[in-house]
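# fold the following.
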Amino acid sequence: MITAFLQQYANAPFEEKVRIFNECSQQLYDFLGLEHPVLNVSLVPIETIKGNDYNPNKVAPPEMKLLKLSITKDGFTMPVVVAGENTSEEFVIVDGFHRRTVVDRSQPIKDSLKGYLPVVKLQKSIEERVTATVRHNMARGTHQVELTAKLVTLLKKHNWSNERIAKELGMDADEVLRLKQISGLAEAFADKEFSKAWE
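You can find the predicted model right below:
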């Protein structure tokens with residue numbers, strides 16, 4: 001039945017095929033009922049995907065070269081994780097900035113994707129996006145301490161407690177306090193929720 005349906009669009013413009021793919025992906029995701037974003041991959045124009053200004057994950061040139069080789073040889077094996085507002089046609093990267101960068105800088109790879117990127121979408125507030133980015137980076141073991149401290153400061157500005165920051169970023173109380181020491185952010189940690197750690 002699905003094959004017969006798709007054959008009707010065999011000669012359709014690529015944009016129409018993308019629309020059908022995205023709709024089918026969404027319907028299959030809803031049908032399956034497993035709430036994991038990776039089960040609902042969609043294709044979006046690369047120019048609608050923007051980097052974020054808070055990602056503390058840095059990749060050295062040799063690793064970027066290897067990432068390009070990997071995508072060239074193996075294809076795109078992991079979708080870019082993005083977040084967006086329901087009212088916007090643009091998306092902000094939560095995870096996958098370097099994959100997007102490689103595609104943007106390599107015309108052959110961009111051509112192979114016909115100007116689209118495979119993404120999974122999250123509906124998250126700005127602070128939830130920050131913590132999701134941190135979790136993705138830390139789970140891979142690539143995260144810079146100084147920039148992490150800046151992210152913690154950002155979350156404090158959004159009135160997150162030290163306890164919530166620790167919980168959402170997978171840290172313990174001592175790690176949050178160490179970030180205070182590293183960054184000298186005494187004001188951001190004025191509530192001293194974790195002062196017992198020093199006893």
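# please save the CA atoms from the strand ranked longest in the chain in PDB.
In terms of residue count, the longest strand belonging to the chain (DSSP state E) is strand 116-122. Extracted in PDB, the C-alpha atoms of strand 116-122 (Å, rounded to 0.1, in the frame of the first residue of the first chain):
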ATOM      1  CA  TYR A 116      18.600  19.800   3.100                       C
ATOM      2  CA  LEU A 117      19.700  18.400   6.500                       C
ATOM      3  CA  PRO A 118      18.200  15.500   8.300                       C
ATOM      4  CA  VAL A 119      17.100  16.800  11.700                       C
ATOM      5  CA  VAL A 120      15.100  15.800  14.800                       C
ATOM      6  CA  LYS A 121      13.200  18.600  16.400                       C
ATOM      7  CA  LEU A 122      12.700  19.400  20.000                       C
END
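# roughly how far is that strand from the heart of the chain?
A distance of 9 Å separates the centroid of the chain from that of strand 116-122, by C-alpha atoms, centre = their mean, to the nearest Å.
# now for it, which elements pack on it?
Applying 3 or more C-beta pairs under 8 Å, 6 or more residues apart in numbering; DSSP states H and E, one finds that strand 116-122 makes contact with strand 42-45, strand 80-83, strand 91-95. Heads up, the C-betas are built off the backbone N, CA and C, glycines and all.
# which of the residues in stretch 69-77 are buried?
Buried positions in stretch 69-77, judged by neighbour count with 16 or more other C-beta atoms under 10 Å: 71, 76.
# so for that stretch, mean pLDDT?
The average pLDDT for stretch 69-77 rounds to 91.
# how distant is it from the center of its chain?
Its chain's C-alpha centre and that of stretch 69-77 lie 19 Å apart, by C-alpha atoms, centre = their mean.
# now do it: everything it contacts.
With contact meaning C-beta atoms under 8 Å, 6 or more residues apart in numbering, stretch 69-77 is reached by 99, 102, 103, 106, 108, 109, 112, 113, 117, 118.
# so can I have a markdown table of those residues showing neighbour count?
As requested, those are exported to a markdown table (neighbours: other C-beta atoms under 10 Å):
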| residue | neighbour count |
| --- | --- |
| 99 | 23 |
| 102 | 22 |
| 103 | 23 |
| 106 | 14 |
| 108 | 7 |
| 109 | 17 |
| 112 | 13 |
| 113 | 15 |
| 117 | 25 |
| 118 | 18 |
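# for the residues you listed, which two are the farthest from each other?
Maximum pairwise distance in those, criterion C-beta to C-beta, is 17.0 Å, between 108 and 118.
# and residue 60, how many residues sit next to it?
8 (other C-beta atoms under 10 Å).
# same question but for residue 178, I mixed them up
Using other C-beta under 10 Å, residue 178 has 15 other residues around it.
# equivalent analysis for residue 82, please.
So residue 82, with other C-beta under 10 Å, has 27 neighbours.
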